[in-house]
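Asks: Provide a 3D model corresponding to the input given below.
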Amino acid sequence: MFPILSAYLYQEKKITLPGIGRFELIPVNASTGFQTVEAPGWEIRFTENKAVESSENPEGLFALLGSKEAISRDESRQQFEEFARNILVKLNDQETVEWENVGILEKPDTRIAFTPKAIPLSPFTGIAAQKVLRDHAHHPVLVGEKETSLGAAREQLQERSAKKSNSKKITWIVLAAIIIVGAVFFLRNGCSLQSAGNQQQAPVQKAGPTYKLE
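Replies: I've put the predicted structure just below:
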């Protein structure tokens with residue numbers, strides 16, 4: 001009966017075993033890791049409840065069981081309840097019950113433990129997370145301690161480069177202006193560029209005699 005119950009659980013997302021508890025398929029959102037993106041899917045969750053009854057299941061379950069076994073709906077309900085009682089007897093005897101494609105049931109102490117079967121319950125698969133940077137898209141980047149977009153960071157870098165370039169141009173212009181003003185000043189005051197070097201020879205003066213001949 002387990003294969004039929006497994007198919008019903010995956011289709012209807014919920015089933016109750018009388019005297020044992022409820023099994024549900026819970027949706028799991030996609031999770032993003034450092035280098036991978038896990039696809040969305042389902043996980044099987046078990047809630048122990050000894051007071052649950054077979055009547056908590058919809059009539060569609062027993063109609064399905066009856067059609068598979070070619071018996072009436074009432075007979076399929078009785079077989080289902082007998083099936084659940086047999087599982088509970090095995091668990092009380094500390095036997096391990098393996099539910100095909102669903103998981104493993106055990107009772108190591110007073111409570112029933114359920115271990116879901118590690119099977120893919122998603123039509124999608126996980127993929128490697130690779131960051132794609134596009135020229136005309138806005139991507140968050142960290143500049144110092146502030147988060148900004150990639151486009152804004154590029155604009156800031158271009159502005160800084162332009163400011164540095166303009167500063168260099170201004171410096172060279174100021175230096176050139178100083179040189180021109182200095183040259184004009186010297187020319188107007190009777191100085192030439194040729195006189196900047198000392199090209200004249202100073203005459204040698206001889207000392208006069210310091211004694212008189214008699």
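
Asks: show the average pLDDT along stretch 86-95.
Replies: Averaged across stretch 86-95, the pLDDT comes to 95.

Asks: check which helix or strand Asn86 maps to.
Replies: Assigned by DSSP states H and E, Asn86 belongs to helix 73-92.

Asks: packing partners of whatever helix or strand comes next after that helix?
Replies: Counting by DSSP H and E, the next helix or strand C-terminal to helix 73-92 is strand 97-99. Other elements packing on strand 97-99 under the criterion 3 or more Cβ pairs under 8 Å, 6 or more residues apart in numbering; DSSP states H and E are helix 2-12, helix 73-92, strand 103-106. C-beta coordinates here come from the backbone N, C-alpha and C atoms, glycine included.

Asks: for the ones you listed, which one sits closest to Arg154?
Replies: Taking Cβ to Cβ, helix 2-12 is the member of those nearest to Arg154, at 50.3 Å.

Asks: list of residues touching the closest one?
Replies: Helix 2-12 is contacted by residues 15, 23, 25, 44, 58, 60-61, 64-65, 68, 99-102, 121 when judged by Cβ atoms under 8 Å, 6 or more residues apart in numbering.

Asks: give me the buried entries from the residues you listed.
Replies: Among those, those classed as buried by neighbour count (16 or more other Cβ atoms under 10 Å) are Ile15, Phe23, Leu25, Ile44, Leu61, Leu64, Leu65, Trp99, Asn101, Val102, Leu121.

Asks: so the first one: helix, strand or coil?
Replies: The reference is to Ile15. Secondary structure assignment for Ile15 (DSSP: H, G, I helix; E, B strand; the rest coil): strand.
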